[in-house]
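Visitor: Need the 3D shape of this:
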Amino acid sequence: MIIRRAVLTDVPQIMTLIAEVVPTMIASGNFQWDNTYPNATVFENDIALNQLWVAEIDGAIAGVTAITTSQEPEYAQVGWDINETAIVTHRLAVSAKYRGRGIAAALLLQAEDEAKRRGINILRVDTNTSNQATQKLFPKLGYHFSGEIGLGFRPNLRFYCYQKIIANHL
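Guide: Predicted coordinates for the structure are as follows:
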C-alpha cells in the first residue's frame, strides 16, 4: 500500500469509490453522505489545497481522506478550542474491495504524521453517530470521545467528535 497526496487525475477513481461507498452507508442507516456530497468539486478543492490523500494498492485507489486544519464552528460545543490549530481528518472512505486491510488506520496515521511534521499536537475527527466502524476504529488509534454535535451543513444528522493529543518530537 502506498499513501500519497492525490492529484487531479485521481478524481474519477475517487468518485467511483464514493459511488460504491455511499449506498452501503445509506443501507446501514448512515446518511452522512449522499449523491451530492462529497462530490468531485469537493475533492478537486482538497487537491488544490494540497490536503487530499489516497491509499493506493496495485495502482487502484483503495481509500481517500482529506487531512486539513479546517474545524467546524460546532466543534466548540464539545469543549474544543477551535482557535487552536489542529489536524482534522475529513472525508475518510475505503473501498469495500479493500476493507479489513488497515487502510483507514493507515490514512489516520498519515494525518498523525502530518501533524508531527507541522508541529501540531492535536488531531480531531468527527463521524456520523450511525458509523459503527469509525466508532470502533478511532479509540483503537488513541482517539478519545469528546461529545456529540450537530453540523449546520448536514441538518438532521448527529456526529460524534474524537480527539487525540500527540507528543511532537521534532
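Visitor: residue ranges of the helices in the protein, please?
Guide: Here the chain has its helices, by DSSP state H, at 11-27, 40-48, 103-118, 132-140.
Visitor: Which neighbouring elements make contact with the second one?
Guide: When you say that, I think you mean helix 40-48. Judged by 3 or more Cβ pairs under 8 Å, 6 or more residues apart in numbering; DSSP states H and E, the packing partners of helix 40-48 are helix 11-27, strand 60-68, strand 87-94. Using the backbone N, CA and C atoms, a C-beta is placed for each residue, glycine as well.
Visitor: Identify whichever of those lies nearest to V54.
Guide: Of all these, it is strand 60-68 that lies closest to V54, at 4.9 Å by Cβ to Cβ.
Visitor: Give the rounded mean pLDDT of the lengthiest strand in the chain.
Guide: Longest strand of the chain, by residue count under DSSP state E: strand 154-165. For strand 154-165, the mean per-residue pLDDT is 90.
Visitor: What separation do you get for R99 and Q135?
Guide: Between R99 and Q135 the distance is 16 Å, computed by Cβ to Cβ, to the nearest Å.
Visitor: ditto for D58
Guide: Distance of D58 to Q135, computed by Cβ to Cβ: 30 Å.
Visitor: more crowded one of those two?
Guide: A count of neighbours by other Cβ atoms under 10 Å puts Q135 above the other of D58 and Q135, at 15 against 7.
Visitor: For that one, give me its contacts.
Guide: Going by Cβ atoms under 8 Å, 6 or more residues apart in numbering, Q135 touches T127, Y160.
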